[in-house]
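Q: quick one: sequence plus predicted model below, questions after.
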Amino acid sequence: MAANITARLSHNPVSLDETFHLIYEADSNVDGEPDFSVLTKDFEILSSSQSTNMRSVNGQWSLKKSWDLALISKQAGVFTIPSVPFGKDASPSVRVTVKPSTSNNMQGTSGKDAFFIEVTTDRKSAWVQSEVIYTIRFFTSIPINRPTLSEPETSDPDAIIEQLGQVANYQKMINGMTYSVSELRFAVYPQHSGTLKFKPILFEGRLPRGRSNSLFDQFMQTGELKRLRSKTISVNVKPRPAGIPAAEWLPAEDLSLEQEWSEDITQLRTGEPVTRTLTIKATGLTAEQLHDLEIPEVAGVKQYPDKPVTENQRKRDGITGIRQIKVAMIPTQAGTYTIPAISIPWWNTRTGKQENARLPETMVEASGMAVTEQVQQTIEMVPPQTQTSQPEADTTATAASRSDEVIVNPGYWPWISLALAVGWITTTILLFRNGRTGSKPGQASIHPPILPLERAVEKACSRGDADKTKDALLEWAKLRWPQRAIASLADIADASPHDLREQVHALNSALYSPHASDWDPAALRSAFQAFNSQQQKKTKNAESILEPLYKT
């Protein structure tokens, strides 16, 4: 026989953010445990309890089971609380009316409420992908146990939201009442134009019983549960202006481009490296939003860029993103070189106009003999970096994971310095020997280390550019297999292991086959990195590579 189950409400209607109770009662054992998950679509279950009562009247025993649930509605409206299954038994459904909250503490304007929430933005209109500062302030004039605030959410699912520092606590006098204020700030970067809505912030806390603030109340979470929702506020997000390509869209309050040199650029020596440090600094953008710098080539100067280093400086008024790259430059012969100007177009969000951050042309002078073949061979033999080359996106993600810490990677530099030092010693020894025994002068053969070429392949794959990937692969393969006559992707495939060969064939087919099919840039990049990782494991350490140079 099925159990008779009833359902009733503690009161009806109820207000939004007000707790109410839903009580189920059965006059006999039910078939199974109740499944209250059907309630969670429209309500939150704050607590639940169960009791059993048996009594005897004139020798007749009766059983009464009760389930008491404390609920709070997720939104206003008229709802039908669905039937709850108790095994094969079931409760009846119940209708409840939830009215919008009428408390003026939602707005926080009266100055007489015991507590309220205030939310603001630093502007009513912004450009897409630019910075908006969203501030949450919670005011209270009474002690509250276990207060919590929900995370900010917007109508833009792709918006970037970064917290600016920790909670700031202070006091403020409003209409003669002293409030304790907790303030949180966030930098928000909308990714789509249109109306950006900030969803209400939800506050939840418990008022101590009898306005006491005992340790029992604090740790046992007793007291009346209170909830508040902030108002919804909006910002108008303007689209990227017509005529400005996405690659040049950098909406910032300020953007600068700076350079530093490790040596006096008017007194450089051929064959000796100098480090050029290029730094982009943007107020109102994260480091992850800044683009890679295109390093212009300079005839007669070999350049070896390191991986970019990024930093996000968080302050209360926003984020300043910094992207820095170090480039080792080695002049190969004496002369005066012109380093081309570098320009970065960006959008000034204060003036609503496009501007350019620019480094002018730079003149450098080098003196000394041309670089010898032995030095260049030494540079080529030494591995530029012992660790497996990682995708560029991984480096950026590590540096941008809500950390203000700069990650410094020495990269190629120690190897180039060591190689050059040993190379010059070796050159001196060889010149001494040649003076005694005579030898044919060799023409300098200058090849870049393979690491920059590996990065070029990975970068082209990341951009999904098939033509540039092909070009980068050809340059890399010519250095990887100098004994082979590499002239096509087919030649690279023949020299490659199975996984890389398959991906190179796929790229070749996508470029030249009459029945062209899509290629998978990520799969090619993965196979390429796996191959390079295996090659690096086979490479001997620097000492064993350089040791033959000391033999007489």
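A: Looks like it arrived, so ask away.

Q: which residues of the stretch 251-400 of the chain score low on pLDDT?
A: Along the stretch 251-400 of the chain, segments meeting pLDDT under 70 span 370-400.

Q: can you pull out the strands in it?
A: 251-252, 254-261, 268-269, 274-283, 301-305, 309-315, 318-331, 335-339, 342-348, 353-359, 362-367 (DSSP state E, counting those that start in this stretch).

Q: please identify the most buried of those strands.
A: strand 251-252 (a mean of 26; mean count of other Cβ atoms under 10 Å). Every residue, glycine included, has its C-beta placed from N, CA and C.

Q: for that one, packing partners?
A: Here strand 251-252 touches strand 342-348, going by 3 or more Cβ pairs under 8 Å, 6 or more residues apart in numbering; DSSP states H and E.

Q: what helices or strands is the strand it packs on leaning on?
A: Where contact means 3+ Cβ pairs under 8 Å, 6+ apart, strand 342-348 is packed against strand 251-252, strand 254-261, strand 274-283, strand 353-359.

Q: ok, which of the ones you listed comes nearest Asn175?
A: Ranking these by their distance to Asn175 (criterion: Cβ to Cβ) puts strand 274-283 first, at 37.0 Å.

Q: summarise which helices and strands that closest one is packed against.
A: Judged by 3+ Cβ pairs under 8 Å, 6+ apart, the packing partners of strand 274-283 are strand 254-261, strand 318-331, strand 342-348.

Q: CSV for the ones you listed, including distance to Trp481?
A: Formatted as CSV, the helices and strands packed on strand 274-283 follow (distance: least, Cβ to Cβ, whole Å):
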stretch, distance to Trp481
strand 254-261, 36
strand 318-331, 25
strand 342-348, 34
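
Q: of those, which is nearest Glu502?
A: strand 318-331 (33.6 Å).

Q: now the helices and strands packed on strand 342-348 as JSON lines including distance to Gly318?
A: Formatted as JSON lines, the helices and strands packed on strand 342-348 follow (distance: least, Cβ to Cβ, whole Å):
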{"stretch": "strand 251-252", "distance to Gly318": "10"}
{"stretch": "strand 254-261", "distance to Gly318": "11"}
{"stretch": "strand 274-283", "distance to Gly318": "7"}
{"stretch": "strand 353-359", "distance to Gly318": "18"}
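
Q: and Ile344, which of the ones you listed is closest to it?
A: Here strand 353-359 is closest among the helices and strands packed on strand 342-348 (Cβ to Cβ), at 4.6 Å.

Q: identify the residues contacting that closest one?
A: Strand 353-359 is contacted from outside by 241, 244, 255-259, 278, 280, 341-348, using Cβ atoms under 8 Å, 6 or more residues apart in numbering.

Q: what does stretch 466-473 give?
A: With Cβ under 8 Å, 6+ apart as the test, stretch 466-473 has contacts from 453, 456-457, 459-461, 489, 492, 504, 507, 510-511, 519, 521, 524.

Q: before we move on, what about stretch 73-88?
A: Outside stretch 73-88, the residues touching it (Cβ under 8 Å, 6+ apart) are 2-3, 5, 7, 14, 16, 22, 24, 26, 30-36, 38-39, 42-44, 90-101.

Q: from those, which land in strands?
A: When DSSP state E defines the strands, the subset of those inside them is 5, 7, 14, 22, 24, 26, 43-44, 90, 94-99.

Q: buried subset of the contacts of stretch 73-88?
A: 3, 5, 7, 14, 16, 22, 24, 26, 30, 34, 36, 39, 42-43, 90-91, 94, 96, 98, 101 (16 or more other Cβ atoms under 10 Å).

Q: report the contact partners of Phe528.
A: Contact partners of Phe528, counting by Cβ under 8 Å, 6+ apart, are Glu454, Val457, Glu458, Cys461, Leu500, Gln503.

Q: between these, which is nearest Arg146?
A: After measuring the contacts of Phe528 against Arg146 - Cβ to Cβ - the closest member comes out as Glu458, at 48.7 Å.

Q: excluding sequence neighbours, find me the nearest residue to Ala98.
A: Residue 98: Val, not Ala. Excluding the flanking residues, the one nearest Val98 by Cβ to Cβ, 6 or more residues apart in numbering is Ser73, at 4.3 Å.

Q: how many neighbours does that neighbour have?
A: 21 (other Cβ atoms under 10 Å).

Q: what bridges to it?
A: Beta-bridge partners of Ser73, counted by DSSP bridges, are Phe43.

Q: and the gap between it and Phe79?
A: 7 Å (Cβ to Cβ, to the nearest Å).
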